[in-house]
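Participant: structure, please.
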Amino acid sequence: MPATTLSTAAHPKLDAKVEQFLESNRHRWNAWNVPFEDGKILYGLYFKDLDTKVAVGGCFTAHNTLRIYAQEVKDFLVYVKSKPNYRTRIEQGSGEGISISCKTAP
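Facilitator: Residues are numbered from 1 along each chain as shown. Now for the predicted structure:
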């Protein structure tokens with residue numbers, strides 16, 4: 001199943017340059033073990049794009065995930081925790097929280 005993406009029209013806060021970069025470079029991404037993401041409004045977008053690239057046993061990490069007052073963070077956590085092939089926990093050592101979602105199956 002191909003990764004779904006958001007368009008700039010569907011997500012007005014998304015910078016057009018970032019969207020252009022993603023559209024131009026998705027085909028270059030290979031299997032990753034630990035992508036780390038720190039662009040709050042892009043959490044869901046990056047996760048959906050990288051989901052198929054994260055190897056089983058690999059983990060997707062995102063910073064500032066204790067900021068549950070931010071709707072983008074809240075939406076991301078609900079989405080990633082709903083994925084049956086990921087196990088997600090939040091480490092609090094950074095003060096802002098780092099979610100670690102490890103892929104358990106393809």
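
Participant: give the rounded mean pLDDT of stretch 85-105.
Facilitator: When pLDDT is averaged along stretch 85-105, the result is 92.

Participant: no no, stretch 43-57
Facilitator: Mean per-residue pLDDT for stretch 43-57: 86.

Participant: buried stuff in that stretch?
Facilitator: Y43, G44, L45, Y46, F47, K48, D49, L50, D51, K53, V54 (16 or more other Cβ atoms under 10 Å). (Each C-beta comes from the backbone N, C-alpha and C, glycine too.)

Participant: and which of these is nearest Y79?
Facilitator: G44 (5.9 Å; Cβ to Cβ).

Participant: quick revisit: nearest to K83, of the buried residues of stretch 43-57?
Facilitator: Using Cβ to Cβ, D51 is the member of the buried residues of stretch 43-57 that sits closest to K83, with 7.7 Å.

Participant: what distance do you get for the closest one to A70?
Facilitator: If you measure D51 against A70 using Cβ to Cβ, to the nearest Å, the figure is 21 Å.

Participant: is it possible to export the buried residues of stretch 43-57 to CSV including distance to T65 and secondary structure?
Facilitator: Formatted as CSV, the entries for these read as follows, by distance: Cβ to Cβ, whole Å; DSSP: H, G, I helix; E, B strand; the rest coil:
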residue, distance to T65, secondary structure
Y43, 8, helix
G44, 12, helix
L45, 15, helix
Y46, 13, helix
F47, 12, helix
K48, 16, helix
D49, 18, helix
L50, 16, helix
D51, 17, coil
K53, 20, coil
V54, 17, strand
